[in-house]
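J.: Generate a structure from the sequence data that follows.
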Amino acid sequence: MTHTSALSIGTGSATQDERLLNIFQSVIDQLKPEGITFAGWLSFIFEPEQAKLGKDLRRKNFWHDPDSVKKLLNNWIHSRQTASGRILIVKWAKNHVVSEIRKEVRRVTKSGVLRLVAKGQRVGPEYLEEFRIQEIHDKLQKHCGTTVHMLLSIAGVDPPIVTLASAPSAARNVVTYSLAALLREHSQKNNLLQVVFGLYMYAAGLQRQAFSILSHIGILVSYSHLISGLGVSAQHKKKQQVQRMAEIEQDILVSNSQEPSLGPLKILSNECLNRLQHLASPESVEEIGFIFDNINLVQKVAEQVLGRIDMQMNGTCATVFKIHGAPPESIDQATAFNTFLTSPPLDRNDVLLSPTEQVLHRKLMIHNILRIIVQNGGAFFTQYKPLLESTQPTTSHILEVHKSSFYSMPAMEIEESSVDGVIDVMTEMYSILKIDTTAEKFQNTIHFVGGDQKSISHLRSAKNSRAGNDDVAHSFGNLVPLIGLFHTLMAAITGFLVIHLGDMSANIHNPSSLSYHNTILERKPFSLSSLPPVSVSRNLINVSVIARVLHCLTLTSGCASLDEYMHLLETLDANRNIQPSWDRLVSDATRLYDKYANAQTVQDLRVARKFKKPGETAGDMVYENALLFLRDALNIRELTRATKMGDPGSILLVMKVFALSFRGSGRAQYAFEALSLIHHVQKVWPAPLRDLAFKNWLLNPTGRADAWVPLDLVQEHANFWIKTVYNATGSNASWSWLATISPCTEALRNLVRDLNGSLGTYLGTKHTNPDISLDITKLIHSLEDHKVYQLTRGRTFENEDEPAIDAESVGLQKLLDGQTSGLREYNRLFKSTQETHRQPVASEMAAHTSLPRTPPAHASQMAIAEPQVDLEQVVMG
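T.: So this is what the prediction gives:
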């Protein structure tokens, strides 16, 4: 029977249909004597073990005509068929589908696709970094095709779509997680997705009650399972003590003392710690550095009663980072130590900018003005952005873009606010990482240590105190401190506020002060004794300096407004060539800097006011303060710009300026750190070590351009997540909890970013900048109304405020003048440090050969023969 003739059955003439029925009836009549029904005959034909004739018959005359087979199956369940027949077919089909699904379930369970631990694979940081939900989709499709098809049909997907790969993303995700929940109900071992999403929800800050609800519907693991094993040791010891006091029988003690199995968080923590220890081991090919900072937590109680009050928890968190680009000669401790011993003292010319550096610094300041104009001047100026980036002045130390690797260490219940505390922190870090400080390789390898000024200062003091007293293994001699630029920026902002905040009571009498701008913008007032968070202060400084630059641009160009200046630039361009207008913009920015950020003008005006004759008008306090404000603010912005773009050479130039302004604004400790940095870069460190320090002074968490961050800011971010998201509450709030959770910080954050990118709504990867255009406009109008940047001779604050000091000039005077100047004091301490390190280690000093090791025999005899004298009688007599 051919395919064409089969299709004609039942659709031909009545004569043909009758003839076919007669043929089939004759076949049935022939089967009756054999006691076989038509159904039995079909069963005989389709018997899998049937002889060759049966195989040929069903292959050539049945399966070769798939359309007729489909029509036959549909006819069997047609509504005109007998009810019992339809029920039989439907029941068989259901049982068959169930059987197929059960086979797939057993197959996928056996394969371990959704197992937390399969073939030695544990859910560690590497697994989470490589985890891709698409791989789970593919594996489920491979092992559970029938189940996936059924669930896609339930989801309302078009019938032709039968695979996850071809399904819409929403349906694909729903089917995957529904199937994962069902498979976990089949076997608790199929809990991989529940564990991964449990970790994600924990990292995202989901509360415990929500965990319980989502666990009951199969989406997540339970919270108790997730944190199983965290803080067990302390609770276990407490239980043992109670059991001993109660004198419970030994068999009960043994049964109750068994610790529970480890949950996903504890496993992840252990794997993160193992990775850290491997990274610090002699077998590792990577060199590492350290960052540490204090962390302060407050454990609050719901109601304060006797013996239950809020408790302050102070400790230290640390991070290990991989040293990038470290040739052997750059980390050789012996070479660096010998260079240190022979280094000359710091000279004034090392601190002051050289003529070449002055030229570069001026270009950087002018380019900062251009950046402010292009980024905040409006849509018209955005056309210059390519020219702005291509003409950015840089140094030879610009960093090559790469992704930095860093890992959090367990939190330590050690306060690093003292020299002893820093010593304990470093010792504990060595212990956690299982570093053998007596190993020759470790002792002769330099390790960078980043932190804030206080931490770095204490570490330097620890090194100096142990030099000559402890051997190399315990003297921290191979640690090279690197000052954190985030805290340096905070110190610069604080010093800026000390100088330029102004007296709040002066108000309109000092319209160039930052406090007056804060009042105009209707922001919350603050004083030097109660400063706001650094982000608030920095934003206020930024919006003020932006308004000043845009206002001064109109003054420099002679235009009445910014719109008029834009029209002027448009008239310079022809044939869409913006180079002429860009050249004019650069020229105006240069003249702006030379005129409105000129400290020499301030000095001349103040000298004229000081020596003016009676009846003369000289000087302008408002104008003078405004010039110093713009100069100092541009240096702060340059530090931020150079840090973000990864230019340590430009940062060093700013640090030379800060070495003066820090001392002038009262930031003496950071001024000392700036001097130390300048000295080590220019005279103490060998060139390979200096270049390596520049390469690792900043880290790049994303591997993107313009995404560099200071070392100490990396630690601050880790502390933030530990305190706000991963910190436990109630009875679980303990250092043992923090010590377990803190190593997981980067792994959990990476998991959140990956799943947000693959499953969540795109919300951007950068902080959203608020619209400050109204604030800028309001400040520009204030600057115009009060003629802040227009010289008005004789203008004063009317005794309501004091003129701002020139921090750089005052700092230079304090640095150089007098026997106790900053430079002399620094060199004295450096020379003392050199002398200390030149002393031989006490434990390695040879015994004096001219003195006997033990007293001679006659000495003891003489002591015995010597008469005893009563001292009391001698005195009284």
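
J.: Looking at this protein, which helix is longest?
T.: Ranked by number of residues, the top helix in the chain under DSSP state H is helix 83-111.

J.: residue ranges of the helices in the stretch 551-700 of the chain, please?
T.: 562-572, 579-596, 599-610, 621-645, 648-664, 668-679, 687-695 (DSSP state H, counting those that start in this stretch).

J.: What of the stretch 201-350 of the chain?
T.: Taking DSSP H, counting those that start in this stretch, the helices of the stretch 201-350 of the chain run over residues 208-216, 223-226, 232-246, 250-256, 264-280, 333-341, 348-351.

J.: pLDDT at residue 10, what is it?
T.: Turning to residue 10, the model gives it a pLDDT of 53.

J.: In contact with residue 78, which residues?
T.: Shown in contact with residue 78 (CB atoms under 8 Å, 6 or more residues apart in numbering): residue 86. Yep, even glycine has a C-beta here, placed from its N, CA and C like the rest.

J.: Mind checking what secondary structure it has?
T.: Classification of residue 78 by DSSP: H, G, I helix; E, B strand; the rest coil places it in coil.

J.: Now for residue 407, which secondary structure element holds it?
T.: Here residue 407 is covered by strand 406-408, with elements defined by DSSP states H and E.

J.: That strand pairs with which strands, and in what direction?
T.: The partner list of strand 406-408 in its sheet, established with DSSP bridges, is strand 311-322 (antiparallel).

J.: Just want the angle from the strand it pairs with to helix 264-280.
T.: Angle between the axes of strand 311-322 and helix 264-280 is 50 degrees (criterion: axes from the mean of the first three to the mean of the last three CA atoms, to 10 degrees).

J.: Check the spacing between residue 162 and residue 74 real quick.
T.: Applying CB to CB, to the nearest Å, the value for residue 162 to residue 74 is 19 Å.

J.: Check which element follows the longest helix of the chain along the chain.
T.: From helix 83-111 onward toward the C-terminus, using DSSP H and E, the following helix or strand is helix 125-130.

J.: how about that next one: buried residues?
T.: For helix 125-130, the buried set under the neighbour-count rule, 16 or more other CB atoms under 10 Å, comprises 125, 127-128.

J.: quick check, nearest of those residues to residue 35?
T.: Taking CB to CB as the measure, residue 127 is the one of these closest to residue 35, at 64.8 Å.

J.: Return the per-residue confidence for that closest one.
T.: With respect to pLDDT, residue 127 has a value of 85.

J.: if I look at it, how far off is residue 750?
T.: From residue 127 over to residue 750 (counting by CB to CB), the distance is 11 Å.

J.: all strands for this structure, in order.
T.: Assigned by DSSP state E, the chain shows strands spanning 288-299, 311-322, 406-408, 447-451, 479-483, 698-699, 709-710.

J.: Put the alpha carbons of the first one into CSV.
T.: Read that as strand 288-299. Below are the C-alpha coordinates for strand 288-299, written out as CSV (Å, rounded to 0.1, in the frame of the first residue of the first chain):
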residue,chain,number,x,y,z
ILE,A,288,50.5,39.0,47.1
GLY,A,289,50.0,42.2,49.0
PHE,A,290,47.7,43.1,51.9
ILE,A,291,45.1,45.8,52.8
PHE,A,292,43.6,46.1,56.2
ASP,A,293,41.3,48.6,57.9
ASN,A,294,39.3,48.7,61.1
ILE,A,295,35.6,47.7,61.1
ASN,A,296,33.2,49.0,63.8
LEU,A,297,29.8,47.4,64.4
VAL,A,298,27.1,48.1,67.0
GLN,A,299,25.2,45.1,68.3
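
J.: Which secondary structure elements does that strand sit against?
T.: Counting contacts by 3 or more CB pairs under 8 Å, 6 or more residues apart in numbering; DSSP states H and E, strand 288-299 is packed against strand 311-322, helix 419-433, strand 447-451, helix 453-466, helix 711-724.

J.: Which of these sits closest to residue 627?
T.: Each of these was scored for nearness to residue 627 using CB to CB, and the closest is helix 453-466 (29.3 Å).

J.: So which bits of that closest one are buried?
T.: When burial is assessed from 16+ other CB under 10 Å, helix 453-466 yields the following buried residues: 453-460, 462-466.

J.: Just the closest of those residues to residue 92, please.
T.: Residue 92 lies nearest to residue 455 out of the buried residues of helix 453-466, by CB to CB, at 75.4 Å.

J.: picking that back up, return the most buried member of the helices of the stretch 551-700 of the chain.
T.: Most buried of the helices of the stretch 551-700 of the chain, by mean neighbour count (mean count of other CB atoms under 10 Å): helix 648-664, with a mean of 24.

J.: That one to helix 668-679, inter-axis angle?
T.: Relative orientation of helix 648-664 with respect to helix 668-679: 140 degrees, computed using the same axes, to 10 degrees.

J.: among the helices of the stretch 551-700 of the chain, which is nearest residue 508?
T.: Nearest to residue 508, of all the helices of the stretch 551-700 of the chain, is helix 621-645, at 10.5 Å by CB to CB.

J.: For that closest one, give the mean pLDDT please.
T.: The average pLDDT within helix 621-645 is 97.

J.: Need the nearest residue in space to residue 606, chain neighbours excluded.
T.: residue 619 (6.0 Å; CB to CB, 6 or more residues apart in numbering).

J.: check contacts around the one you found.
T.: Taking CB under 8 Å, 6+ apart as the definition, contacts of residue 619 comprise 605-606, 608-609, 612, 793-796.

J.: Please apply the same query to residue 464.
T.: Residue 464 sits in contact with 833, 836, where contact means CB under 8 Å, 6+ apart.

J.: rerun that using 10 Å as the cut-off
T.: Residue 464 sits next to 419, 475-476, 829, 832-833, 836-837 when contact means CB atoms under 10 Å, 6 or more residues apart in numbering.

J.: now swap in residue 668 and tell me
T.: Applying CB under 10 Å, 6+ apart, the residues near residue 668 are 662, 811, 814, 822, 825.

J.: Tabulate those (a markdown table), appending distance to residue 573 and pLDDT.
T.: Output for the contacts of residue 668, formatted as a markdown table (distance: CB to CB, whole Å; pLDDT from 0 to 100):
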| residue | distance to residue 573 | pLDDT |
| --- | --- | --- |
| 662 | 44 | 96 |
| 811 | 44 | 95 |
| 814 | 50 | 93 |
| 822 | 51 | 91 |
| 825 | 56 | 94 |
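
J.: From those, which land in helices?
T.: Secondary structure assignment by DSSP H places 662, 811, 814, 822, 825 of the contacts of residue 668 in helices.
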